[in-house]
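K.L.:
give the three-dimensional model of this entry:
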Amino acid sequence: MTRSAPRRPSTEAPARPPATSVTPAALKRQALRNALLGTVELLQHRQAEQINATLIDEYVALDWFEWRGGALQITLTGQNICKQIRSGLV
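P.N.:
Reported below is the predicted structural model:
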């Protein structure tokens, strides 16, 4: 029986875990951020009827907008997101 040479430790870097993929929820939130400033502009020009109802529901669910006395208004959270977008933080 022949003996093989002893195994040397690998000099290769350890395998990295797979890069985390972007989740559909994260993609959706980014799409909402991308549309936020345009939506706010429509509200400021009193053109809320041009905003898709599904989009409004999603903003309300995120607490970026709220219904107040039958009027759609941006929340403090929504205002802060707008500031982040304008400053390039997100």
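K.L.:
buried sites along the host helix or strand of residue 35?
P.N.:
Counting by DSSP states H and E, the element that carries residue 35 is helix 24-44. Buried residues in helix 24-44, defined by neighbour count with 16 or more other CB atoms under 10 Å: 32-33, 36, 39-40, 43. All C-beta spots, glycine's among them, are computed from the backbone N, C-alpha and C.
K.L.:
quick one: the strands in the chain, in order.
P.N.:
Under the criterion DSSP state E, strands of the chain are mapped to 65-68, 71-74.
K.L.:
which elements pack onto the first one?
P.N.:
Contact here means 3 or more CB pairs under 8 Å, 6 or more residues apart in numbering; DSSP states H and E; on that basis strand 65-68 packs against helix 53-61, strand 71-74.
K.L.:
could these go into a markdown table alongside mean pLDDT and mean neighbour count?
P.N.:
As requested, the helices and strands packed on strand 65-68 are exported to a markdown table (pLDDT from 0 to 100; neighbours: other CB atoms under 10 Å):
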| stretch | mean pLDDT | mean neighbour count |
| --- | --- | --- |
| helix 53-61 | 96 | 14 |
| strand 71-74 | 94 | 14 |
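K.L.:
now the ones you listed as JSON lines including distance to residue 26?
P.N.:
Formatted as JSON lines, those follow (distance: least, CB to CB, whole Å):
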{"stretch": "helix 53-61", "distance to residue 26": "14"}
{"stretch": "strand 71-74", "distance to residue 26": "22"}
